[in-house]
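Participant: structure, please.
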Amino acid sequence: MATCSTSSVADDELNDPGAAPYGNFINYYTFNPPENRLSLIPSTLLQDLGHSDGHHATLVLDVGCNSGELSVAFYKHLVQEPECQEESEERKVHLLGFDLDEILIQRAQQNNPLPGSISFITLDVTKDTDRLQHYLDQHGCSHFHLCLCLAVTMWVHLNHSDASLLQLLSRLASVSQHLLLEAQPWKCYRSAARRLRKLGRSDFDHFKTLKIRGDVAEQAREHLEGHCGMELIRSFGSTTWDRKLLLFKRR
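Facilitator: Next comes the predicted model:
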């Protein structure tokens with residue numbers, strides 16, 4: 001997630017792919033392939049959540065989608081495209097992926113194998129949510145049926161503050177019926193800060209003053225359940241990077 005696309009930043013990422021200050025890794029899915037998450041998520045998830053009744057469109061949102069590989073893999077994992085065109089038009093799953101980095105979104109758009117079902121846009125979720133509402137209005141829906149927020153929270157947290165992290169969670173909860181959350185643990189924060197220092201670059205503005213520390217996923221759960229009208233309904237376990245995949249539902 002970022003608009004930083006200068007050659008120096010790109011060179012830093014090539015030398016150390018974990019050094020991207022906004023999580024906008026140029027080769028993210030080479031070291032964290034989609035299978036790391038998809039292996040934990042049942043292919044029947046949309047059916048299990050009641051989002052495949054055959055009469056209404058199902059909308060999925062992918063927050064911080066990077067270059068789109070996971071978005072596409074997630075869609076194919078969950079959606080069996082019908083052979084009959086009439087059935088395809090009757091029951092349709094649409095996925096919207098967004099990221100702050102224009103270069104990554106351009107790559108996602110160019111490599112998108114399902115442009116009729118998957119869309120990618122450049123968006124800073126900390127500043128602009130009008131385009132999300134516009135997308136919902138276009139499809140005649142009041143909310144996304146499923147929102148993916150995978151390995152995004154830390155970058156908003158480090159670059160914007162405790163308040164911005166909680167605001168992000170609140171915003172996603174307000175536009176989602178279900179939220180699949182993967183929050184980076186605190187050890188990832190320390191590693192990200194260490195990589196920046198190793199490159200001789202400035203530390204994250206808020207790293208030393210953050211009060212939300214320790215079990216970030218648990219504190220995210222407390223906020224979603226205590227302030228956002230959501231409840232934790234399932235944990236899919238932890239990824240190979242020891243990050244929990246937690247599924248929340250709007251009450």
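Participant: now do D99 against G116, distance only.
Facilitator: Look at D99 and G116: by C-beta to C-beta, to the nearest Å, they are 21 Å apart. Using the backbone N, CA and C atoms, a C-beta is placed for each residue, glycine as well.
Participant: more neighbours, the two?
Facilitator: More crowded of D99 and G116, by other C-beta atoms under 10 Å: D99, with 31 against 9.
Participant: quick check, that one in contact with V125.
Facilitator: No. Taking contacts as C-beta atoms under 8 Å, D99 lies outside contact range of V125: 9.5 Å.
Participant: between the two, which contacts overlap?
Facilitator: Any residue near both D99 and V125 by C-beta atoms under 8 Å, 6 or more residues apart in numbering counts here, and that gives G64.
Participant: may I see the buried residues of the strand ranked longest in the chain?
Facilitator: Across the chain, the longest stretch assigned as strand under DSSP state E is strand 230-238. Within strand 230-238, the residues scored as buried using 16 or more other C-beta atoms under 10 Å are 230, 234, 236.
Participant: hmm, the second one is touching L247, no?
Facilitator: When you say that, I think you mean R234. Yes. Assessed by C-beta under 8 Å, R234 is found in contact with L247 at 4.3 Å.
Participant: quick revisit: can you give the distance from the longest strand of the chain to the centre of its chain?
Facilitator: Relative to its chain's centre, strand 230-238 lies at 16 Å (C-alpha atoms, centre = their mean, to the nearest Å).
Participant: stretch 187-194 now?
Facilitator: That offset, for stretch 187-194, works out to 19 Å (C-alpha atoms, centre = their mean).
Participant: for it, list every residue counted as buried.
Facilitator: 188-189, 192.
Participant: just to be sure, which of those are found in helices?
Facilitator: 188-189, 192 (DSSP state H).
Participant: tell me the one of the residues you listed nearest T240?
Facilitator: T240 has its nearest neighbour among those in C188, at 13.5 Å by C-beta to C-beta.
Participant: need phi/psi at the closest residue to the closest one other than its chain neighbours.
Facilitator: Nearest residue to C188, sequence neighbours excluded (C-beta to C-beta, 6 or more residues apart in numbering): M154, at 5.8 Å. When read as degrees, to the nearest 10, the backbone of M154 gives phi -60, psi -40.
Participant: could you tell me how many residues sit around M154?
Facilitator: Per other C-beta under 10 Å, the neighbour tally for M154 reads 20.
Participant: what sits against it?
Facilitator: 23, 183-184, 188-189, 192, 216.
Participant: quickly note the distance from it to L247.
Facilitator: 19 Å.
Participant: one more: S161?
Facilitator: In terms of C-beta to C-beta, S161 sits 27 Å off from L247.
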